[in-house]
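build me a model:
(2 chains)
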Amino acid sequence: GPLARAIRAKLDAALQPTHLQVLDESSRHGGPPGAETHFAVVVVSGRFTGLSPLQRHRLVHAALRTELAGPLHALAIVARTPQQWESDPHVPPRPPCLGGSKHEQRRD
Amino acid sequence: MSGLVRAAWRLVGATAAGRGRAGRALSQAGTGTGGGGGGAEGGGSGSGSREAVERLVRAHPVVVFMKGSPAQPLCGFSNAVVQILRLHGVEDYRAHDVLQDPDLRQGIKNYSNWPTIPQVYLNGEFVGGCDILLQMHQNGDLVEELKKLGIRSALLDAEKEKDQDKK
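Residues are numbered from 1 along each chain as shown, chains lettered A, B, ... in the order given. Okay, the predicted model is just below:
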């Protein structure tokens, strides 16, 4: 979808990843398939070298600032250096949704 | 789910919910401002102000901003944080339900410059969200960080028990 494409484009530009996965997980959070509200990204980039997990996630957030201020409601991030990805290309399983979106009074 | 665990959750939930209820009452009274009760923040600063958030994150070594409560998380990512803390035997922490307080929800994002919930603070310092806490749990960093706060992770005792059984 369009948001997935925008996310991919922004992350490509900001982080020049050697590996990038952009997954629309909205349907796992009670939305219809293709809702484009909840995403997971797996970003493998040399730009992460020497950065703490917090710093890496902030880089990802910075690249997606506009999207996060808009339709992007939740973002799960896996951020690894190419070396880390080579030794461990495993992505931890996503926690199950507990229907949080249904409890929203308004979208943030 | 064992009765013991459920009881522990109720305890945490009661503490957190009690705090949450107080917070809600303050923000709902008098059109969302600090409220007139004793000890309320100064004029103009609601529950989402920098000062209010600062007070919350410094109130306890472990503070979590989440959706729902530890007894009843309303989001998978928030629940993951609760579960990880529980694994480490951390039952005494401050949990704030942002779904109950839109001002706090926006305020905490401004404070940490972090766009999503849940948010975990250790010793007043923002540590990250669910993904980062999970990483810290998996690589042993969380045990170390808890140790710095004088909190002994339950996982260390579990390890010790295992070793003693072997002997």
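
ramachandran angles for the residue nearest the centre of chain A?
For chain A, the residue lying nearest the average C-alpha position, counting by Cα atoms, centre = their mean, turns out to be A:V41 (3.3 Å). Phi and psi for A:V41, reported as degrees, to the nearest 10, are phi -130, psi 140.

residues contacting residue 48?
Here I'm looking at chain A. A:F48 makes contacts with A:15, A:56, A:59, A:79-81, as judged by Cβ atoms under 8 Å, 6 or more residues apart in numbering or on different chains. C-betas here are computed from N, CA, C, even on glycine.

hmm, no, I was thinking of chain B.
B:101-108, B:110.

for B:N110, see how far away it is.
Taking Cβ to Cβ, to the nearest Å as the measure, B:G48 and B:N110 are separated by 7 Å.

check B:D131 too.
Distance of B:D131 to B:N110, given as Cβ to Cβ: 21 Å.

between those two, who's got more neighbours?
Taking other Cβ atoms under 10 Å in any protein chain shown, B:D131 and B:N110 do not tie; B:D131 has more neighbours (22 against 12).

correct me, but A:A74 touches B:T116?
Yes: under the contact definition of Cβ atoms under 8 Å, A:A74 touches B:T116, with a separation of 6.1 Å.

what sits in contact with each of these two?
Overlap between the contact sets of A:A74 and B:T116, as judged by Cβ under 8 Å, 6+ apart, is given by B:F77.

what is the mean pLDDT for the longest helix along chain A?
The helix of greatest length in chain A, counted in residues with DSSP state H as the criterion, is given as helix A:2-15. In this model, helix A:2-15 carries a mean pLDDT of 97.

tell me what it is packed against?
strand A:19-24, strand A:38-44, helix A:53-63, helix A:65-69 (3 or more Cβ pairs under 8 Å, 6 or more residues apart in numbering or on different chains; DSSP states H and E).

chain center to it, what's the gap?
Put simply, helix A:2-15 sits 10 Å off its chain's centre (Cα atoms, centre = their mean, to the nearest Å).

in the chain, where is pLDDT below threshold?
No chain was given, so I picked chain A. A:98-108 (pLDDT under 70).

not quite, I wanted chain B
Screening chain B residue by residue with the criterion pLDDT under 70, one finds the ranges B:1-45, B:166-167.

what is the burial count for the closest residue to chain A within chain B?
Scanning chain B for proximity to chain A using Cβ to the nearest Cβ identifies B:C75 as nearest, at 3.1 Å. By other Cβ under 10 Å, the residues close to B:C75 number 26.
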